[in-house]
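Colleague: With the sequence up front, the predicted model follows.
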Amino acid sequence: MAEPTSEPIIQLRDTTKIYYKGGEEILTLDHVSLDIMEGDFVALMGPSGSGKTTLLNLIGGLDSPTGGQLVVCGQDLGELSPRELAQWRANHVSFIFQSFNLLPVLTAFQNVELPLTLLPLSRAERRQHVETALKIVGLAERMHHRPDELSGGQEQRVAIARALACDPKLLLADEPTGDLDAHSAQEVMNLLTSLNQEHGKTIIVVTHDPKVAGCARRQLHLEKGVLALDKRSTDRHPVAGPRA
Amino acid sequence: MRLLFLALLRKPLRTFLTIFSIAVALFLYCFLESVLDAFSVGVNMANASRLVVQHKESLAFQIPISYRSSIEQCEGVNAVVPMVWFGGLYTPKDQTGETREEFFAQFACELDEYMSIVPEVVIRDPEQKKALLADQAGCVVGDKTAERLGIKVGDRVVLRSQIWSQPGSKPWEFNVRAIYTSDNQAFDRTMMLFHYKYFDEKREFGKGMIGIFVLGMKDPSRFHEIATAIDRRFENSPFETRTVTEKAFNMQFVAMMGNLQLLLRSIGSAIVLTMLLVAANTMMMSARDQTREMGILKSIGFTDGFVFRLLIGEALVIAGMGFLIGAGTAFAAFNLAEINPKPDFFPIFRMPPESLLGAAGIALVTGVLSGLVPAFVGMRMKATEALRSV
Ligand SMILES: Nc1ncnc2c1ncn2[C@@H]1O[C@H](COP(=O)(O)OP(=O)(O)OP(=O)(O)O)[C@@H](O)[C@H]1O
Ligand SMILES: [Mg+2]
């Protein structure tokens, strides 16, 4: 069982994000400083509008901070051009979204293959990666189905497979269980937990669900753009099978 | 790039309709160009080494055949062929016993001489040519008209002329002795030609009067000099003449169509423009629906440039397919299958090759314009915002 190492994979120093909307400033993240260790499993909680998604997008290089420093996987994201940032994303992080965000025209296989086309891999290597990823999420036999032929839980597992395919160190999930029933949600959380424990992925999950947060080792609470609570759970919920 | 094709298949019906409307627009464009080109076909078929002598005032007036010898004496003139416009209707009976009225151009002329200065007329079978020259009531028919009306060598063709009559209103009868064709694609292969002598003997009135003289020149570059000399010779005579190049002569007919051409062109352009705008609008709308997907691609690590190329590429592929289908159909129909929508009106109906280029240009502009806006928006849009908009 992999424990978090002492290497921080994410370092935020006074990271600030301000949105400008109609001449008005919206201070979404207010001087957040935070270290997240490699191999950790973090739940990010807080009321709606507190800046969770914003923080996640910053860490994943989808957006850039207004102020402060942001180092992820040893790279200061502020130093990268948009093009380099895209490349960096392709190599280091993967997103999992609430609404799955699979491309509807592609089959499960093709969806998972998509990020791999950005890497210098042969066809055969790509195929192997895709099959491995789909096997991990338990959907190998569904690989030629299109998203509309899958259930929500299965779609989200395909999305996770896509996130896994290029073997990133960091998985960022924004309310991955938000659109799922309790049973599918549990499956997804079991999957994330095993990815963390067996494959050593660093995972950040944004969630409103305390049960989901309970799977994580560390819980962060955001309130109006400020870190309000940073709790390490000692009494971790055992990873249970689907609840009856 | 496989993504591009999959994106097109996402809404197959819409993609198909867009391609179809571009195809229709471009087909219309090609058709219109062909029509406009068909109007000026006479100009294209004109031979620079020939002149035409007509009445100074109007083609409707005749000139005497006796002028021929003095024209022949003009320096630089090779041969002089008198021609008369016959204006006949062909009224065959079909199986049901009903008669149809078919029109094509007919001329009375001196066949031997005509063929010597108009080498474009080719009778492949020398026996046919011999038979044609031997039979005073013989005629030669262009292969296109022969094919259209089912006329064969040996047939007897009865024509009713709207201009010329025989005593006792006897119908005009001719023996088809030969079929001509041409190696020059621009040459009219729908005419019927018969002996002037036979015609002049039989006609009830106007004997000795002809419509035009066609002249061959020894040195075509001297046409101006020759034409002036001829016209000067008949100045102040009862029938003053006007001598012009064959091209200028044929241009008169095009000029008569000038207004019609303008009308056709403006209506056609309006239709084409409308259809292209509709297509462009659809393409832009479909790109708007794709914002979210563009966001997904960006979050996975695809660059802004890739998204830009994807959207532009999609528009270009749609426009390109529209071009292939629309212009391709037009080319296949008019130039390969030689379909002529109105063979009695247009002796030659072909799509000018330049209009393929024109259609390609229109397709390209449509593709680029309709792709550019969404491509820019897609490129500039931040992934976070793209994903936010559900
Ligand atoms: N692109 C943007 N432009 C302007 N304001 C934005 C933008 N994105 C987020 N915001 C604002 O920033 C604040 C935080 O948004 P964020 O999406 O991070 O919240 P959240 O914690 O994820 O909320 P939720 O739980 O509802 O998903 C909100 O007030 C939001 O209106
Ligand atoms: Mg959110």
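Modeller: Looks like it arrived, so ask away. Ligands and ions are numbered 1, 2, ... in the order given.

Colleague: Report the secondary structure element holding residue B:216.
Modeller: strand B:212-217 (DSSP states H and E).

Colleague: In CSV, please show the C-alpha coordinates belonging to that strand.
Modeller: Output of strand B:212-217 as CSV, limited to C-alpha atoms (Å, rounded to 0.1, in the frame of the first residue of the first chain):
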residue,chain,number,x,y,z
ILE,B,212,-25.1,36.6,-96.4
PHE,B,213,-21.9,35.8,-98.2
VAL,B,214,-19.3,33.9,-96.3
LEU,B,215,-15.8,34.7,-97.5
GLY,B,216,-12.5,32.9,-97.1
MET,B,217,-9.4,35.0,-96.9
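
Colleague: Does anything pack onto that strand? Which helices or strands?
Modeller: Using 3 or more C-beta pairs under 8 Å, 6 or more residues apart in numbering or on different chains; DSSP states H and E as the contact test, the elements touching strand B:212-217 are strand B:50-55, helix B:67-73, strand B:77-85, helix B:111-117, helix B:223-233. Placement of C-beta: from N, CA and C, glycine included.

Colleague: for the record, mean pLDDT for the fourth one?
Modeller: The one in question is helix B:111-117. The average pLDDT within helix B:111-117 is 91.

Colleague: what does that helix rub up against?
Modeller: Helix B:111-117 is contacted from outside by B:50, B:78-81, B:83, B:121, B:123, B:132-133, B:140, B:193-195, B:214-216, using C-beta atoms under 8 Å, 6 or more residues apart in numbering or on different chains.

Colleague: Can you list the residue ranges for strands in chain A?
Modeller: Listed in chain order, the strands of chain A (DSSP state E) span A:8-21, A:24-37, A:41-45, A:67-72, A:75-76, A:93-96, A:170-174, A:202-206, A:218-223, A:226-232.

Colleague: Give me the sheet partners of the fourth one and which way each runs.
Modeller: Looking at strand A:67-72 with DSSP bridges, its partner strands are strand A:8-21 (antiparallel), strand A:75-76 (antiparallel).

Colleague: buried stuff in the first one?
Modeller: The reference is to strand A:8-21. Counting neighbours by 16 or more other C-beta atoms under 10 Å in any protein chain shown, one finds that the buried residues in strand A:8-21 are A:8-12, A:15-17.

Colleague: May I ask which two of those are separated the most?
Modeller: Using C-beta to C-beta, the buried residues of strand A:8-21 reach their maximum pairwise distance at A:9 and A:16, which is 21.0 Å.

Colleague: quick one on the thing from earlier: turn the buried residues of strand A:8-21 into CSV, columns for pLDDT and distance to ligand 1.
Modeller: Output for the buried residues of strand A:8-21, formatted as CSV (pLDDT from 0 to 100; distance: C-beta to the nearest ligand atom, whole Å):
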residue, pLDDT, distance to ligand 1
A:8, 85, 23
A:9, 88, 21
A:10, 90, 17
A:11, 89, 20
A:12, 89, 15
A:15, 89, 13
A:16, 90, 12
A:17, 90, 8
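
Colleague: if we can go back for a sec, run the chain-centre distance for the strand holding residue B:216.
Modeller: 25 Å (C-alpha atoms, centre = their mean, to the nearest Å).
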